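> Test case, fold it:
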Amino acid sequence: MEELHANLAELNRAFCCGKTRGVEWRKSQLRAIIRLITENEAQIFEALHQDLGKHPVEAYRDEIGIVKKSADHSLLHIEKWMAMKKDWLPLLLFPATGQVLPEPLGTVLIMGSWNFPISLALDPVIGAISAGNTVVLKPSELAPACSSFLHRIVPLYLDKEAIKVIPGGSEVAEKLLQHRWDKIFFTGSPRVARIIMSAAAKHLTPVTLELGGKCPVILHSFSGSDLQVAVKRIVGGKWGPCAGQACIGVDYVLVQQKDAPVLVELLKNYIKKFYGEKVEKLQNICRIVNQNHFDRVRNLLQDPSVSASIVYGGSVDCKNLMIEPTILVDPPLDSDIMTEEIFGPLLPIITLDKIEESIDFINERPKPLAIYAFTRCKRFKERIMQETSSGSVTFNDIMIQFLCDSLPFGGVGESGFGRYHGKYSFDTFSHEKAILQRSYFLELEPRYPPWNDFKLTFIKMAYNFNYIGLLLLLLRRMFHRGKAQ
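This is a model prediction of the structure:
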């Protein structure tokens with residue numbers, strides 16, 4: 001605790017002295033992050049392989065590339081984001097100016113996740129640095145090699161007085177949450193998010209929660225070439241990123257009953273092509289992160305009614321914590337596999353009489369982090385956009401929305417709240433301070449007592465922006481005063 005207090009005191013001093021507010025400091029730290037991931041690429045590959053069995057291609061695509069892209073984007077735009085912006089003011093206040101100044105929040109706590117332990121740690125840090133904050137990063141203890149790497153390497157590249165990595169398990173997280181922060185950013189499960197919100201409430205600390213949910217795929221288009229592309233993208237998006245251990249990964253597929261057999265066969269073909277056959281010989285796919293999560297995912301298949309719905313896969317390798325890509329057709333809707341976030345390589349297919357029923361099916365359940373729909377129908381797209389609620393909607397692809405710095409990334413309802421990526425990350429870690437400056441010239445007497453009918457009429461017109469009426473009212477009053485004199 002003494003060491004933690006000392007670290008936080010140093011961070012607060014760094015912020016209060018203003019060193020993080022200048023654009024050059026922010027740019028230097030962003031460049032340092034780019035050097036960090038570039039010069040230590042091999043070590044990152046090794047750490048990700050130790051923790052999750054990630055292939056270097058997947059590791060670069062989902063971790064290193066994400067961080068570099070995000071830092072480059074911030075470097076390109078940071079001066080524009082920091083600039084004070086003018087805003088419109090009512091003519092009644094003339095002469096006056098209104099401006100909005102983005103200012104850093106202070107010292108922020110960022111708690112990373114184990115499934116993408118490099119990108120989901122450093123990407124929010126990029127936003128916090130861009131906004132001019134001091135930062136404590138707590139990596140996930142469930143990815144120990146990556147946590148150790150960040151703890152060891154970050155101080156060699158980034159400003160040690162303003163950015164600190166504090167590793168550890170739940171006991172460290174509990175101690176961190178006892179302190180007052182200016183912002184908490186958390187990526188993880190709803191269960192832990194409730195603990196964080198409870199702790200943050202004691203200090204009225206603002207929180208951004210990036211959670212998850214059961215993200216559905218609606219398969220509406222079923223023509224030959226469209227279907228081939230759709231299934232290829234579903235297989236790549238379901239099992240490719242961390243073996244389904246991704247918050248925006250595919251959780252289940254909605255399809256018309258008559259089309260399900262064709263879908264299953266195509267899924268099987270692409271699974272074999274991408275990842276191989278038999279659980280002992282799988283390749284290009286991650287393992288389950290640890291024994292607890294392995295047991296949790298395996299237990300989803302233990303219910304006899306669920307196991308009876310398996311049409312492909314289902315084998316497990318307990319020694320290597322591998323679970324074969326598994327397809328299920330119409331498991332019971334009240335089973336755990338359909339009520340809990342799967343976060344693993346199991347894919348239920350739910351059949352419907354008409355695919356239009358998918359909208360009601362989704363709306364009867366908690367709001368997902370993402371909805372994916374494969375369709376060419378503009379009317380059906382419009383219905384999905386207008387009649388459902390989710391963190392995002394992506395048409396005709398899987399998970400690519402995460403790569404787009406120009407789009408906000410975040411959830412709604414139980415899938416989280418707050419947003420980040422690009423300018424949205426800068427905004428998440430900033431406060432937009434309103435600044436109004438007015439001249440001593442032109443004093444509006446109707447704003448002051450004693451009150452009378454003229455002042456009431458004047459104020460009503462002012463609030464209704466009836467400036468012509470105000471002018472006429474003033475001219476009439478001046479005329480009557482002159483006449484009386």
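
> the strands in the stretch 1-150 of the chain, which residues?
Residue ranges of the strands in the stretch 1-150 of the chain, as given by DSSP state E, counting those that start in this stretch, are 85-87, 96-104, 107-111, 134-138.

> Name every strand pairing with the third one and say which way it goes.
Which is strand 107-111. For strand 107-111, the paired strands and their directions (DSSP bridges) read strand 134-138 (parallel), strand 183-187 (parallel).

> Report the contact partners of the residue nearest in space to the middle of the chain.
Geometric centre of the chain, nearest residue: Gly410, 3.6 Å, by Cα atoms, centre = their mean. Residues near Gly410 by Cβ atoms under 8 Å, 6 or more residues apart in numbering: Thr208, Glu210, Gly391, Gly416, Phe417, Gly418, Arg419, Tyr420, Tyr424. Every residue, glycine included, has its C-beta placed from N, CA and C.

> Could you tell me which of these are located in strands?
Judged by DSSP state E, the subset of the contacts of Gly410 located in strands is Thr208, Glu210, Gly416, Phe417.

> circling back to that earlier point, so among the contacts of Gly410, which ones count as buried?
Buried residues within the contacts of Gly410, defined by neighbour count using 16 or more other Cβ atoms under 10 Å: Thr208, Glu210, Gly391, Gly416, Phe417, Gly418, Arg419, Tyr420, Tyr424.

> As a markdown table, the residues you listed with distance to His431 and pLDDT would be great.
Conversion of the buried ones among the contacts of Gly410 to a markdown table gives the following (distance: Cβ to Cβ, whole Å; pLDDT from 0 to 100):
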| residue | distance to His431 | pLDDT |
| --- | --- | --- |
| Thr208 | 14 | 97 |
| Glu210 | 20 | 95 |
| Gly391 | 24 | 96 |
| Gly416 | 21 | 95 |
| Phe417 | 17 | 94 |
| Gly418 | 14 | 95 |
| Arg419 | 16 | 96 |
| Tyr420 | 16 | 96 |
| Tyr424 | 15 | 97 |
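
> Among those, which one lies nearest to Pro124?
Distance to Pro124, by Cβ to Cβ, is smallest for Tyr420 among the buried ones among the contacts of Gly410, at 6.3 Å.

> my read: the closest one touches Ile126, true?
No - the criterion here is Cβ atoms under 8 Å, and Tyr420 misses it with Ile126 at 9.4 Å.

> ok, back up a step: name the nearest of the ones in strands among the contacts of Gly410 relative to Pro56.
Among the ones in strands among the contacts of Gly410, Glu210 lies closest to Pro56 (Cβ to Cβ), at 25.6 Å.

> which one is the closest one nearest to, not counting chain neighbours?
Computed as Cβ to Cβ, 6 or more residues apart in numbering, the closest residue to Glu210 that is not its neighbour in sequence is Thr187, at 4.3 Å.

> If you average pLDDT over each of the strands of the stretch 1-150 of the chain, which is lowest?
Within these, the least confident segment by mean pLDDT turns out to be strand 85-87, at a mean of 90.

> neighbouring strands for that strand, and are they parallel or not?
strand 96-104 (antiparallel).

> For the stretch 51-200 of the chain, which segments count as helices?
56-59, 65-82, 119-130, 144-157, 170-177, 190-201 (DSSP state H, counting those that start in this stretch).

> thinking again about what came up before, for Cys286, which of the strands paired with strand 107-111 is the nearest?
Cys286 sits nearest to strand 183-187 of all the strands paired with strand 107-111, at 17.6 Å, using Cβ to Cβ.
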